[in-house]
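Novice: give me a model of this one.
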Amino acid sequence: MRRLLPPSIPLTSLLQYLFLAAIAYLLAGAPSPSSLSTFSFTADSSQAAHRTAALHAQTLENLAHPEPGLECAQYAYRGVYVLSREPLVVYIEGFVAREEAGEIVGLSNPHFTPSTIWNQGHETLDPKIRHSEKARLPRTPLIQCIEQRAHSFQGWRPYTFIEKLWAQRYGVGGHYTYHYDWSTATAQAGRVSSFMVYLEANCTGGGTHFPRLARPVGAQWCRFLECEGERERERGDGHAREGGREGGKGKREEHPTQGIIFKPIPGNAIYWENMRPDGTGYWETWHAGLPVKTGVKIGLNIWTWFQQGHVP
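Specialist: Here you go, the predicted model:
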């Protein structure tokens, strides 16, 4: 009896069949190698996205918005002086009145706690870098009017918002070493400008040093800046040193001679812009709060945050 053999299948037909079978397998929902190999990456990306979203929400929560119906009296500065145009640095004589400064100090006194620094996303205490006390100010009508004063000084720039205000208190030895205010600047968001307002300065030392700003010409600036004779008296027998690490926190100087040092004069303020329109920071805004030698200095930080397209 003769056995029947199956007909032979051409090689080309066999390959075609295997190719079609593979396609059918994938279409049926087989896991692709890429989906298996990228699972852990996707999980890590998701965690990073959550952290970024939380930081973004915290940043927006820190922005101050005036309460409906807020009314602020017109206010006139005693003097406004442009020290630098690139970056823009302006000295404001009488940014706050004496009575306003006293009220702000009174509001801050119950809330002072040791000042912290942020290092790679972690908040820590490091008196070698920052030795002071800070106080978040309750948003009374006066504080909201100071916020509005700072905003209007800049011409109500679109998508800019004043951050909620902090007071800083420096006792003997209190200082804040060299740093930038714009460490996370981008073209879409960042701290575009800063005010340093002096509220109380019954002290020696404690000036604000910008070692990379050119000193303006003219003896009239000695009202607000330390001049050579004053620097020698402050320095005594010590030797000035220039220190600091680029882009972060640096070594504290005994009493530097390069750049300019603003005297802490109650009621007056320094305004400077931190960022260019493209989102890069100004190298010249590297600054420090020099050590207080005697007495107490209290200052008010006013920062302006830019958030492209944000509408509260």
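
Novice: where does the chain dip in pLDDT?
Specialist: 1-55, 231-256 (pLDDT under 70).

Novice: okay, the most centrally placed residue in it and residue 281: tell me how far apart.
Specialist: The centroid of the chain falls nearest to residue 181 when counting by Cα atoms, centre = their mean (3.8 Å). Applying Cβ to Cβ, to the nearest Å, one obtains 9 Å for the distance of residue 181 from residue 281. Just so you know, the C-beta spots here come from the backbone N, C-alpha and C atoms, and that holds for glycine as well.

Novice: where do the contact lists of these two overlap?
Specialist: Residues touching both residue 181 and residue 281 (Cβ atoms under 8 Å, 6 or more residues apart in numbering) are residue 274.

Novice: related to what we said a few turns ago, quick one: contacts for the residue nearest to the centre of the chain?
Specialist: Contacts of residue 181 were listed using Cβ under 8 Å, 6+ apart, and they are 191, 194, 274, 285, 303.

Novice: what's the farthest-apart pair in these?
Specialist: Spanning the widest gap among the contacts of residue 181 are 285 and 303, at 12.4 Å by Cβ to Cβ.

Novice: any residues in contact with both of those two?
Specialist: 181, 194.

Novice: quick one, phi/psi of the closest residue to residue 303 other than its chain neighbours?
Specialist: With Cβ to Cβ, 6 or more residues apart in numbering as the criterion, residue 303 has its nearest non-adjacent residue at 4.5 Å, and that residue is residue 163. Main-chain torsions, residue 163, degrees, to the nearest 10: phi -80, psi 150.

Novice: now the one 10 residues further on
Specialist: Geometry field for residue 173 lists phi and psi as phi 90, psi -10, criterion degrees, to the nearest 10.

Novice: show me where the stretch 51-200 of the chain has its strands.
Specialist: In chain order, the stretch 51-200 of the chain shows strands spanning 79-85, 88-93, 113-114, 117-119, 122-124, 130-131, 133-136, 160-162, 166-170, 175-179, 189-205, with DSSP state E, counting those that start in this stretch as the criterion.

Novice: number of residues surrounding residue 301?
Specialist: By the criterion of other Cβ atoms under 10 Å, residue 301 has 15 neighbours.

Novice: if you count neighbours, what's buried in the strand or helix carrying it?
Specialist: Following DSSP states H and E, one finds residue 301 within strand 292-307. When neighbours are counted by 16 or more other Cβ atoms under 10 Å, the buried residues of strand 292-307 are found to be 292, 295, 297, 298, 299, 300, 302, 303, 304, 305, 306, 307.

Novice: mind putting those in JSON lines, distance to residue 269 included?
Specialist: Conversion of the buried residues of strand 292-307 to JSON lines gives the following (distance: Cβ to Cβ, whole Å):
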{"residue": "292", "distance to residue 269": "19"}
{"residue": "295", "distance to residue 269": "20"}
{"residue": "297", "distance to residue 269": "14"}
{"residue": "298", "distance to residue 269": "13"}
{"residue": "299", "distance to residue 269": "9"}
{"residue": "300", "distance to residue 269": "8"}
{"residue": "302", "distance to residue 269": "8"}
{"residue": "303", "distance to residue 269": "13"}
{"residue": "304", "distance to residue 269": "13"}
{"residue": "305", "distance to residue 269": "18"}
{"residue": "306", "distance to residue 269": "20"}
{"residue": "307", "distance to residue 269": "24"}
